[in-house]
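Student: What would the 3D arrangement of this be:
(one chain, ligands or ions: 2)
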Amino acid sequence: MFFASDNAGPVHPKVMAALHEANTGHALPYGDDELMDEVRQRLRDLFEAPDAAVYLVATGTAANALALATMCKPWQTVFCSPVAHIQEDECNAPEFYSGGAKLTLVPGGDRMCPEALRSAIKAEENRGVHGPQRGPVSITQVTESGTVYDLDELRALTEIAQEFQLPVHMDGARIANAVVKLDCTLAQMTWKLGVDAVSFGGTKNGLMGVEAVIFFDPAKAQEFEYRRKRGAHLFSKHRYLSAQMAAYLRDDLWRECALKANANARRLAQGLEQAGAEILHRPDANMVFAALPRRIHHRLLAAGAQYYPWTGDFNGPADEMLGARLVCDWSLDTADINRFLDILQTSVSE
Ligand SMILES: Cc1ncc(COP(=O)(O)O)c(C=O)c1O
Ligand SMILES: C[C@@H](O)[C@H](N)C(=O)O
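Tutor: Ligands and ions are numbered 1, 2, ... in the order given. Below you'll find the predicted structure:
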């Protein structure tokens, strides 16, 4: 009953097998390994972007911060949601790696709304040299609240960015979960809508620690290579990143894992709702945000469930409603979900 985070999930056996297979003999370092050639081609095929520049890093924060540093000058600002991971959970890495760019928080709920984005961009007008200059728009897909922008919602945001000639970055730490939810192609959800750079996350979906950063216009990517190296994120034994990503891309393992994680979350959300929990955000992907009386949380935790509180902490009045985040990764099976829901139902009915 481990729902703390998909970051806590195990590595998929096929990925471990691929690492073992790659661990023979020698391979050129720093991304010149042959497996990286396979990864590059597979991602170009998957995104229908034959010229895309493809790079691997080991964390989602590195993927976001280095991509944004490449897209954003130090005197510019990145427009993002107030709950964006780049705002709340990367310890100012985007600001650090960009040399001081700001983040401008676009007011709104779990998903940025076009009108608020337009207002935030226009607010930087007529500031001359005194204000931060307009920079990229960053969209998280799947959002930090577990919701997924549909293609029209994404298009409404990217069209505003294009109107002001601003590049678009997509934090795709959970992009696999989003694309299987929308049942669209990765191209339809990214460059065909005007996304310029995307992180194709794997760590939360069965890999040990690999995220791909993809620039659809290779001319804008060269700088990323320098920034990755000077940021100490270029692996010398790069074949072990490539091996993971190659395994993830073969036979659509990425899709299989995301489908399973999303299905787990759907089952969990249904059971929580049936037990009377308040579902706080639409559970579009693999994360469920639900509120229950604190005493019910205490029963679940005492039975061994593990998850984070989200709208407060577990200490406090027993009958007070408390929101929590429950994340389903690829490795959970139905028995895990059912055991949790059985304990929940018993706790609620007592
Ligand atoms: C939406 C989102 N983006 C980026 C990251 C960063 O990933 P990492 O923790 O590997 O730096 C996370 C982490 O879980 C995340 O949830
Ligand atoms: C930092 C924490 O939010 C992590 N990104 C997670 O989703 O679990």
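Student: Leaving out chain neighbours, which residue sits closest to whatever residue of the chain ends up closest to ligand 2?
Tutor: At 3.4 Å from ligand 2, Ser5 is the closest residue in the chain, using CB to the nearest ligand atom. (C-beta placed from N, C-alpha, C; glycine too.) Ranked by CB to CB, 6 or more residues apart in numbering and with sequence neighbours excluded, the top spatial neighbour of Ser5 is Val327, at 5.1 Å.
Student: Pretty sure the one you found sits against Asp6.
Tutor: Yes. Between Val327 and Asp6 there is a contact under CB atoms under 8 Å: 5.1 Å.
Student: what ranges do the helices span in the protein?
Tutor: 13-22, 34-46, 60-71, 85-88, 93-97, 114-122, 151-163, 175-182, 186-189, 222-230, 239-249, 253-274, 294-302, 334-349 (DSSP state H).
Student: and the residue nearest to Ser5, how far is that from Leu28?
Tutor: In this view, Val327 and Leu28 are 37 Å apart by CB to CB, to the nearest Å.
Student: Name the residue in those two with the higher neighbour count.
Tutor: Val327 (27 against 11; other CB atoms under 10 Å).
Student: Need the pLDDT of Val288.
Tutor: pLDDT recorded at Val288 is 98.
Student: any common contacting residues for Val327 and Asp6?
Tutor: Residues touching both Val327 and Asp6 (CB atoms under 8 Å, 6 or more residues apart in numbering) are Asn286.
Student: on that earlier part again, identify the bridge partners of the residue nearest to Ser5.
Tutor: Beta bridges link Val327 to Met287, judged by DSSP bridges.
Student: so what's it scoring on pLDDT?
Tutor: 98.
Student: pLDDT value on the residue sitting nearest the centre point of the chain, please?
Tutor: For the chain, the residue nearest the mean C-alpha position is Ala173 (2.2 Å; CA atoms, centre = their mean). As summarised for this prediction, Ala173 has a pLDDT of 98.
Student: for the one 10 residues further on, same thing?
Tutor: At Asp183 the predicted local confidence, pLDDT, stands at 98.
Student: can you tell me how far it sits from Lys122?
Tutor: For Asp183 relative to Lys122 (CB to CB), the value is 35 Å.
Student: ditto for Pro283
Tutor: For Pro283, the distance to Lys122 - CB to CB - is 34 Å.
Student: Equivalent analysis for Asp110, please.
Tutor: 23 Å.
Student: neighbour count winner among the two?
Tutor: It is Asp110, of Asp110 and Lys122, that has more neighbours when counted by other CB under 10 Å, with 18 against 12.
Student: Just to check, the more buried one is in contact with Glu144?
Tutor: Yes. Judged on CB under 8 Å, Asp110 makes contact with Glu144 at a distance of 7.2 Å.
Student: overlap in contacts of these two?
Tutor: Here Asp110 and Glu144 share the contacting residues Ser81, Val83, scored by CB under 8 Å, 6+ apart.
Student: For the stretch 1-150 of the chain, which residue gets nearest to ligand 1?
Tutor: Gly60 (2.4 Å).
Student: Stretch 143-151 - what's its average pLDDT?
Tutor: Averaged across stretch 143-151, pLDDT comes to 98.
Student: end-to-end on it?
Tutor: 14 Å (CA to CA, to the nearest Å).
Student: touching ligand 1 at all, that stretch?
Tutor: Yes. On the criterion CB under 6 Å from any ligand atom, stretch 143-151 is in touch with ligand 1 at Glu144.
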